[in-house]
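K.L.:
only geometry, no sequence info:
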């Protein structure tokens, strides 16, 4: 390990534009790993919450209440037609000032929802709006005769949706859902705008301290996001194949 560190230290001295400082400086490596772990946590929370929003929203779009359908439609239009970075800033700066705070040590006031919390909320709502439309399209693709058959067995609307319609709609929606979730992982780097210490934030901090590390750190960002997105893509592809019903939706 020491030999590798010495190699990259010498490389930085001989080629200043290629300073892989995080490969021989333990503190910088810790910053990279901390940022990567924050990106992974941010992605996981947003993926789960956005899917839950999509499932509930797609169900609500078929409700009998015009008020509920109108509220879901307004939510979808707002989050689909505004940039996610503006949504993030709106949640953090506009809504954040109304958030109650507390003082853990009796001196410093800390808001109940941190910048990480607002990033999760904002990005989940953003991706959830697209997931609602994805699941809605899947639900509408399920033959009406299938629903009638379930209702003829005495199932309620909720039972029909959870046990019959949604499992089929999920299989139909998988390609579009995969694309949206992959896009969500890439969008998490916008949390940089409200100082969430994710991978991009830590990378910018490193090349601010070491301008010669800009090119290697940009390369590191590319590799990390390729790895994260590739892992998610492989996982979603495998899940889609396992859910496939022979002769249905092909």
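P.N.:
Perfect, thanks for sending it. Source: prediction; values computed, not measured.

K.L.:
now do the strands in the protein.
P.N.:
Using DSSP state E, the strands of the chain run over 101-102, 110-111.

K.L.:
quick check: nearest residue in space to residue 85, chain neighbours excluded?
P.N.:
residue 190 (5.1 Å; Cβ to Cβ, 6 or more residues apart in numbering). The C-beta positions use only the backbone N, C-alpha and C, and glycine is treated the same way.

K.L.:
next, count neighbours for that neighbour.
P.N.:
The tally of other residues near residue 190 (other Cβ atoms under 10 Å) stands at 21.

K.L.:
buried stuff in the lengthiest helix in the chain?
P.N.:
For the chain, the helix with the greatest residue count under DSSP state H is helix 26-60. Residues 28, 31-32, 35-36, 38-40, 42-43, 45-47, 49-51, 53-55, 57-60 are the ones in helix 26-60 that count as buried (16 or more other Cβ atoms under 10 Å).

K.L.:
now do residue 167 against residue 156, distance only.
P.N.:
Separation of residue 167 from residue 156 (Cβ to Cβ, to the nearest Å) stands at 16 Å.

K.L.:
check what pLDDT the residue nearest to residue 85 gets.
P.N.:
On the pLDDT scale, residue 190 is placed at 94.

K.L.:
residue contacts, it?
P.N.:
84-85, 88, 123 (Cβ atoms under 8 Å, 6 or more residues apart in numbering).

K.L.:
got the angle for the helix or strand of the chain at the bottom of the mean pLDDT ranking vs helix 26-60?
P.N.:
Lowest on mean pLDDT, DSSP states H and E among the helices and strands of the chain sits helix 2-14, with a mean of 72. Here the directions of helix 2-14 and helix 26-60 differ by 90 degrees (axes from the mean of the first three to the mean of the last three Cα atoms, to 10 degrees).

K.L.:
how distant is helix 2-14 from the center of its chain?
P.N.:
Relative to the centre of its chain, helix 2-14 is centred 36 Å away, using Cα atoms, centre = their mean, to the nearest Å.

K.L.:
and that helix, what does it pack against?
P.N.:
Helices and strands touching helix 2-14, as assessed by 3 or more Cβ pairs under 8 Å, 6 or more residues apart in numbering; DSSP states H and E, are absent.

K.L.:
more neighbours, residue 167 and residue 156?
P.N.:
Shown here are residue 167 and residue 156; by other Cβ under 10 Å, residue 167 has more neighbours (13 against 10).

K.L.:
what backbone torsions are found at the nearest residue to residue 113 once chain neighbours are set aside?
P.N.:
Take residue 113 and drop its neighbours on the chain: the residue closest to it by Cβ to Cβ, 6+ apart is residue 99, 5.1 Å away. Dihedral pair for residue 99: phi -80, psi 130, per degrees, to the nearest 10.
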